[in-house]
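**Q** Turn this into a model:
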Amino acid sequence: MTHKNFVPSIYLHLKNEGKVTWKAPSNIALIKYWGKKENQIPANPSVSFTLDACATTTTLSYTKLQKKNGGFSFDLFFEGKPKEDFKPKILTFFTRIEKYMPFLKEYHFKIETENSFPHSSGIASSASGMAVLALCLMSIEKELNPEMDLGFFNQKASFLARLGSGSACRSIEGDVVQWGNHKEIDGSSDLFAIKYPFKVHNVFKKYHDTILLVDKGQKQVSSTVGHNLMNDHPFSKKRFKQAHENLSTLQAVFAKGNLDRFIEIVESEALTLHAMMMTSLPYFILMKPNTLKIIDKIWEFRKTTNTHVCFTLDAGANVHVLYPENEKDIVFQFIKDELVVYCEEQQYICDRIGFGAKQL
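**A** As a prediction, this is how the structure comes out:
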């Protein structure tokens, strides 16, 4: 499949106005995507858990323009207030997807969006935000072309979301989602994400993710800058090869419910992501002292209790603490007793694996 498959033919219906609301979750990558090519194409494949509680809800109202002005017409409200500094990102997104959604300049849009988590918390709000906007636009396109089936709807939503934020393509469906071409995964694509097609053991079906908010400040380096640093990175080829190999290994791990091997892969992937940033030019240390203290505490607790708690990290200081349902009581008590003290203002978010976006 190529990008041309997502260019629509003539729309069968026309609408003057309407309103649609979707809720889309964020996600947490287990195999990390770090580095991208032109047009938001990933340099390596990734796989993620879809989250549940950390989500963005967006209502998109649309009214047909009486007279087109040649540009995009929209107003943006975040949590009830105009948000002018978000508008350039939406404008870039609309520009990228216009050839796949030719109705965009026919309407004025009112975008009303809100997050279930603090915007500065380090959760991937761009993933849930761009995913939910893509879904709202797909609902409009389905109104214009009612023949569209659900499979294509989700596939194109993921394709569009990717053009807004790479990881957003993994926030359309759940519970385990894979993005990026991989030789062993039929149907895998750089253009959109797919539901992980292989067996996933029941132990992974109710996984918990408690997000420890170590640093709620502005990101030290943007994701775009971080990805671009991989272009001339001395270790990039080895890293991309490692991601492919880890994704291959994960197939048996998921199928058998091998939690020990799961922990090794997930923690190694998190630390490798940060190692890439520390060895780039310019270089960055994104972890904070409390990030390292939390990691040490997790390792110590896992060794003394034989539980299967582990961590992963995004490109920041906050820690995602992952653990299975059958260990939630002992692990959550450990989090409250020993880890929350390392969080900014002792703040954390309780989440778990989720099953994708929903129209409201």
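
**Q** For burial, what's the neighbour tally of Lys32?
**A** Residues lying near Lys32 (other Cβ atoms under 10 Å) number 26. (Each C-beta comes from the backbone N, C-alpha and C, glycine too.)

**Q** I'd like to know how far it sits from Ser223.
**A** Computed as Cβ to Cβ, to the nearest Å, the Lys32 to Ser223 distance reads 12 Å.

**Q** Helices of the protein, residue ranges please.
**A** 87-97, 125-144, 150-164, 223-228, 236-256, 259-278, 289-305, 328-334 (DSSP state H).

**Q** gap between the closest residue to Thr291 other than its chain neighbours and Glu344?
**A** Counting by Cβ to Cβ, 6 or more residues apart in numbering, Thr291 lies nearest to Ala317, which is 4.8 Å off, once chain neighbours are set aside. As judged by Cβ to Cβ, Ala317 and Glu344 stand 9 Å apart.

**Q** Which neighbours do those two have in common?
**A** By the contact definition Cβ atoms under 8 Å, 6 or more residues apart in numbering, Ala317 and Glu344 are jointly contacted by Val214, Asp215.

**Q** Which one's more surrounded, these two?
**A** Per other Cβ under 10 Å, whichever of Ala317 and Glu344 has more neighbours is Ala317, with 26 against 18.

**Q** got a list of what the more buried one touches?
**A** Gly122, Val214, Asp215, Leu286, Met287, Lys288, Asn290, Thr291.

**Q** how much does the longest strand anywhere in the chain deviate in direction from helix 259-278?
**A** Scanning the chain for the strand with the most residues, using DSSP state E, yields strand 46-64. Angle between the axes of strand 46-64 and helix 259-278 is 70 degrees (criterion: axes from the mean of the first three to the mean of the last three Cα atoms, to 10 degrees).

**Q** tell me how far stretch 45-60 is from the chain's mean position?
**A** Relative to the chain's own centre, stretch 45-60 is displaced by 6 Å; criterion: Cα atoms, centre = their mean, to the nearest Å.

**Q** Now do the longest strand of the chain: which elements does it pack against?
**A** Secondary-structure packing of strand 46-64 (3 or more Cβ pairs under 8 Å, 6 or more residues apart in numbering; DSSP states H and E): strand 17-31, strand 107-115, helix 125-144, strand 176-179, strand 208-212, helix 236-256, strand 348-352.
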